[in-house]
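Participant: What follows is a predicted structure for the sequence shown.
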Amino acid sequence: KLITLKHELQQLQLEQQSVATKTRGSLENEDSIRSFHRQQRSHKRRNSINKEDALRNIHIGDRVRLVRGKTGIVQYLGAVDFTDEEVIGLILDKWHPNANNGFVKGKQYFKAPPGRGYFAKRALIIENLGP
């Protein structure tokens, strides 16, 4: 009797699994799933290319976002006396204690209100928000 009950329970469980599989299969066929995944990959690729282009094409007047969330408007692009790398000079949207006024080590690179001028390496920019 116990063996018969176990066997019936196993058959019920198998039937439930079969119904769940059939229901999902009837809603999605393999082609629609492949098509969906292909669209997702293509969309991601396009977005990353657009972001890379936007980060390469930063211009004076563009609003950008830095790695740690600071945002500001680009006021200077190019070489500076205090590092070998190209930097981007920003007027930050908010005052920051480590910011300056665009004047560093005796040279004025751009004009900014005190505490709002900021220099960042290009690698620290994660988003170009446009003009």
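Facilitator: Cool, the structure landed. Numbers count the residues shown, from 1 in each chain.

Participant: Show me the shaky parts of this protein.
Facilitator: Scanning the chain for pLDDT under 70 picks out 1, 15-56.

Participant: what's the burial count for residue 123?
Facilitator: Other residues within reach of residue 123, judged by other C-beta atoms under 10 Å, total 9. Yep, even glycine has a C-beta here, placed from its N, CA and C like the rest.

Participant: you'd agree it is in a helix?
Facilitator: Yes - counting by DSSP: H, G, I helix; E, B strand; the rest coil, residue 123 is part of a helix.

Participant: Roughly how far does it sit from residue 9?
Facilitator: 61 Å (C-beta to C-beta, to the nearest Å).

Participant: for residue 98, same thing?
Facilitator: Counting by C-beta to C-beta - residue 98 and residue 9 are separated by 68 Å.

Participant: can you pull out the strands in this structure?
Facilitator: 63-66, 71-80, 83-92, 103-104, 107-108, 117-121, 125-130 (DSSP state E).

Participant: The first one pairs with which strands?
Facilitator: By that I understand strand 63-66. Strand pairing for strand 63-66, determined by DSSP bridges: strand 71-80 (antiparallel), strand 125-130 (antiparallel).

Participant: Let me see the contact set for residue 63.
Facilitator: Counting by C-beta atoms under 8 Å, 6 or more residues apart in numbering, residue 63 touches 71, 72, 73, 74, 128, 129, 130, 131.
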